[in-house]
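1. Return a 3D structure for these sequence lines:
(one chain, ligands or ions: 2)
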Amino acid sequence: MTGQPTAPGAADVLHRVFGYREFRGDQREIVEHVIGGGDALVLMPTGGGKSLCYQIPALVRAGTGVVVSPLIALMQDQVDALRTLGVRAGFLNSTQDLDQRRATEQAFLDGELDLLYVAPEGLLTPGTQRLLDRGTIALFAIDEAHCVSQWGHDFRPDYLGLSMLHERWPQVPRIALTATATTATRDEIATRLRLTQARHFTASFDRPNIQYRIVPKNEPRRQLLEFLRGEHAGDAGIVYCLSRASVERTAEFLTAQGIPALPYHAGLDARVRATHQARFLREEGLVMVATIAFGMGIDKPDVRFVAHLDLPKSVEGYYQETGRAGRDGLPSTAWLAYGLQDVVQQRKLIDGSDGDLAFRRNAAAHLDAMLALCETVSCRRARLLAYFGQPGADACGNCDTCLNPPQSWDGTVAAQKFLSCVWRLQRERGQKFGAGQSIDILVGKQTEKVRQFRHEELSVFGVGADLRDAEWRAVVRQLLAAGLLTVEGDYGTLVLTEASDEVLRGGRQVMMRREPERVRPSRPKAAA
Ligand code: ADP
Ligand code: ZN
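-> Ligands and ions are numbered 1, 2, ... in the order given. The predicted model follows:
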C-alpha cells in the first residue's frame, strides 16, 4: 500500500463522486480513521449514512474495498447505483452465472474495482480467500454487523466465521456497521469479530421526525384502515404482520378497501417477492404488507408510515422496523396496535421454540422490554433512547404519551382482584384458564363456560363489575408487562409469579396506564 492518504481526498470524493456538500454526523471522523488504517465499529440508525463510511475510504485507499453483506438480493441494485456515480463496483454471490463471476474476479485482480460486495458464506470459501490474496484489499466493511449476535433477531451463523479476516489479513482495516445499538450487542460484535482495537462511533439513535404511537388492539383491521385513511391517504408505507396468513389477508383487505397494497413474505415465490419489492421502491403510494422478512437494506426515503398489527419480539426489532419510516427526514408515523393476545402468542412461540433455557430466557427478557415500552406512561422516545444507552432525554412532544398523556391510576385493587381470581381457580379448583375466563368471572358474566365449571360459585364472581372488559384486558396486559403475572402453555393460561404474592398480600401498589380516549385519540396533524 502506498502513501498516507489525506483527508482532503475524502472531502473531494464526497463532493465529486457523491455530490454531497458536507459530511453528516460522525462520517468525517469515521472516514478519516479508516483511511488512516484504523478499525471501526459504527452504530448508526437506519438512514444515518453508514454506506459512505466505507465507500469513501475504499475509494481513497489503494485497492478494493471488500463489503460483506447478507443482503444478496440487493447487491445488484447497490452495485448499479454505484456504477451510475462512476464508482467501479462489482459483486460475488450465488445468483451469478460463471461468466459474470469470472469477469468480476478478473476486474478485482486487475485492480479495476473500487468496491466488491460479497456474501459472508462466499467470503468463507477457500476459493474466494485465495482470490483476495492475489489482489489488493483497501478495507473490509462488515455491514449489518449485528448478524453476528447469537441473541439477536437476525443471527447468521456465517458471520461468526468473519473473525478470521483479522487473522488472515491483519494489516487490512475493518469497519463493522449496524443500526442495532444496545450495549450488549455492541460488545458482542466487538468480541465475536475480534474488533478489540476498533474505535467505537455511536450516533444518536433519535429519529425526531418519527412519531411513535402504540394503541390497544381491538379490531386491528378497522383500526388500521382508520389510521391509513385518516392520516396517510395516498402515502407509501409498510404494514408488518406476524404470520404469512395475516399478511395475505391484510393485503387483500386493504386492496378491497381501495388502498393499493402488496403482500411480501418468505413463502412467496422469489420472483413475486422481487417484483413486489421493486414496485414498492419505484411506484408511489403503495402499501407493503409484510412479515419482517421484508425491509433490511431497503432504501426508500419516503416511507411515510410503518404500522405493526402484531407485537414485535423485541425493542431492537421495533426500532429497526419503525426506522424504515421517514429516512428523508420528513414527518412520519410509527403505529403499533397491540393486545393481550399478542403476549399470549409470543410466549407460546418462546415456550415452543427449539432453543435451550438460556435462549428462552433471553427471548422472554426481550419480550418483557417490549411490553414495558407498550405500557409506559412516560415518553415513548425517551424510553427507546434509554433502552439504547442514551438515558435522560426530555419528553419529546412527538409521541402518543406526550401528545395525549395517559392518566395513571391506582390499579392495586384491580390487580388484587384479578390475581386472586387466578389464585382461586388454581388453589380451589386446580384449574388454569386464559385471561378471557377470569375476566368473565370478575365482571360476573353468565357464560356457558362459567356455568359448565360452576365459576359463579367462586367468591370473586362479579367483584370486578366496576370495570369493563376492555379495561380488564388493559389490567391484564399491564400485569404481564410488570411481571406480576405470566402466560404459559399452548392455551395461553395465566399463572402467578413470585411477584404476584406481594400484590396479593397488599404489600405493593400497582400504578396503571389509563388510555387517554377509548375510541379514537384526537391528535395534532404532525404527520400532515
Ligand atoms: P444507512 O446505510 O445508514 O441506512 P445510507 O448510507 O443508505 O444509510 O444513507 C441514507 C441516505 O442518506 C442515502 O440516501 C444517502 O445517499 C444519504 N446520505 C448519506 N450521507 C450523506 C451526506 N453526507 N449528505 C447528504 N446525504 C447523505
Ligand atoms: Zn414523547
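2. what distance separates the host helix or strand of His15 from the middle of the whole chain?
-> Per DSSP states H and E, His15 falls inside helix 7-16. Distance of helix 7-16 from its chain centroid, counting by Cα atoms, centre = their mean, to the nearest Å, is 34 Å.
3. From the contact counts, what lies against that helix?
-> helix 27-35, helix 50-60 (3 or more Cβ pairs under 8 Å, 6 or more residues apart in numbering; DSSP states H and E). In this view, the C-beta of every residue, glycine as well, is placed from N, C-alpha and C.
4. For that helix, which residues meet the burial criterion?
-> Gly9, Ala10, Ala11, Val13, Leu14 (16 or more other Cβ atoms under 10 Å).
5. and what of stretch 317-334?
-> Using 16+ other Cβ under 10 Å as the test for burial, stretch 317-334 gives 317-327, 331-334.
6. Then stretch 130-142?
-> Within stretch 130-142, the residues that count as buried by 16+ other Cβ under 10 Å are Leu131, Leu132, Gly135, Ile137, Ala138, Leu139, Phe140, Ala141, Ile142.
7. could you dump the residues you listed to JSON lines with pLDDT and distance to ligand 1?
-> JSON lines is the format used below for those (pLDDT from 0 to 100; distance: Cβ to the nearest ligand atom, whole Å):
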{"residue": "Leu131", "pLDDT": "97", "distance to ligand 1": "26"}
{"residue": "Leu132", "pLDDT": "97", "distance to ligand 1": "24"}
{"residue": "Gly135", "pLDDT": "96", "distance to ligand 1": "25"}
{"residue": "Ile137", "pLDDT": "98", "distance to ligand 1": "21"}
{"residue": "Ala138", "pLDDT": "97", "distance to ligand 1": "18"}
{"residue": "Leu139", "pLDDT": "98", "distance to ligand 1": "16"}
{"residue": "Phe140", "pLDDT": "98", "distance to ligand 1": "17"}
{"residue": "Ala141", "pLDDT": "98", "distance to ligand 1": "11"}
{"residue": "Ile142", "pLDDT": "97", "distance to ligand 1": "13"}
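8. Which of those fall in strands?
-> Those of the buried residues of stretch 130-142 mapping onto strands are Ile137, Ala138, Leu139, Phe140, Ala141, Ile142, per DSSP state E.
9. and among the helices and strands packed on helix 7-16, the most buried is which?
-> Scoring those by mean neighbour count under mean count of other Cβ atoms under 10 Å gives helix 50-60 as the most buried, with a mean of 25.
10. Let me see the contact set for Ala40.
-> Neighbour list for Ala40: Ile30, His33, Val34, Cys53, Pro173, Arg174, Ile175, Ala176, Ala198, Arg199, His200, Phe201 [criterion: Cβ atoms under 8 Å, 6 or more residues apart in numbering].
11. sorry, back to before: check the buried residues of helix 7-16 against ligand 1, which are close?
-> Contacts with ligand 1 within the buried residues of helix 7-16, counted by Cβ under 6 Å from any ligand atom: none were found.
12. Looking at the residues you listed, spot the one nearest ligand 2.
-> Closest approach between those and ligand 2, by Cβ to the ion: Leu14, at 34.3 Å.
13. Apart from its neighbours in sequence, what residue is nearest the closest one?
-> Nearest non-adjacent residue to Leu14, counting by Cβ to Cβ, 6 or more residues apart in numbering: Tyr20, 5.4 Å away.
14. how far away is the one you found from Arg327?
-> Computed as Cβ to Cβ, to the nearest Å, the Tyr20 to Arg327 distance reads 15 Å.
15. any idea where the helices of the stretch 251-400 of the chain begin and end?
-> 270-282, 315-322, 340-351, 357-375, 380-387, 400-403 (DSSP state H, counting those that start in this stretch).
16. ditto for the stretch 401-528 of the chain
-> Taking DSSP H, counting those that start in this stretch as the criterion, the stretch 401-528 of the chain carries its helices at 412-429, 435-443, 448-452, 469-481, 498-504.
17. Contacts only, for Val463.
-> Lys417, Leu442, Gly444.
18. picking that back up, what does the residue nearest to Leu14 show for phi and psi?
-> Backbone geometry at Tyr20, expressed as degrees, to the nearest 10, gives phi -100, psi 150.
19. count of neighbours near it?
-> Per other Cβ atoms under 10 Å, the neighbour tally for Tyr20 reads 14.
20. Near ligand 2, which residues of the chain are found?
-> Within the chain, the residues that sit near ligand 2 (Cβ under 5 Å from the ion) are Cys379, Arg381, Cys396, Cys399, Cys402.
21. any idea which of those is closest to ligand 1?
-> Using Cβ to the nearest ligand atom, Arg381 comes nearest to ligand 1 of the residues of the chain next to ligand 2, at 19.3 Å.
22. Apart from its chain neighbours, what residue comes closest to that closest one?
-> Distances taken as Cβ to Cβ, 6+ apart place Cys396 nearest to Arg381, at 4.1 Å, with adjacent residues excluded.
23. That neighbour and Asp354, how far apart?
-> Distance of Cys396 to Asp354, computed by Cβ to Cβ: 40 Å.
24. So for the two, which residue has more residues nearby?
-> Set side by side, Cys396 and Asp354 show more neighbours around Cys396, with 20 against 6, by other Cβ under 10 Å.
25. Go ahead and confirm the more buried one touches Cys379.
-> Yes - counting by Cβ atoms under 8 Å, Cys396 touches Cys379, with 5.3 Å between them.
26. any residues in contact with both of those two?
-> The contact sets of Cys396 and Cys379 overlap at Cys402 (Cβ under 8 Å, 6+ apart).
27. Then Gln211 would be within a strand, right?
-> Yes - under DSSP: H, G, I helix; E, B strand; the rest coil, Gln211 falls within a strand.
28. Report how many residues lie close to it.
-> Using other Cβ under 10 Å: Gln211 sits among 28 other residues.
29. just Arg186 next, same as before
-> Close neighbours of Arg186, defined as other Cβ under 10 Å, add up to 23.
30. Pick the one among the contacts of Val463 closest to Tyr264.
-> Nearest to Tyr264, judged by Cβ to Cβ, of those is Leu442 at 41.5 Å.
31. Please report the distance of Ser353 from Phe359.
-> Computed as Cβ to Cβ, the Ser353 to Phe359 distance reads 7 Å.
32. between the two, which one's more packed in?
-> Phe359 (14 against 11).
33. quick one: pLDDT of the more buried one?
-> What the model reports as pLDDT for Phe359 is 84.
34. do the one 10 residues further on as well
-> Note for Ala369: predicted pLDDT of 92.
35. now the one 10 residues further on
-> Turning to Cys379, the model gives it a pLDDT of 95.
36. what do you get for Phe418?
-> Looking at Phe418, its pLDDT reads 97.
37. Quick one: residues contacting the closest residue to it other than its chain neighbours.
-> Spatial nearest neighbour of Phe418, excluding adjacent residues (Cβ to Cβ, 6+ apart): Val475 at 5.8 Å. Residues near Val475 by Cβ under 8 Å, 6+ apart: Gly411, Ala414, Ala415, Phe418, Leu467, Met512.
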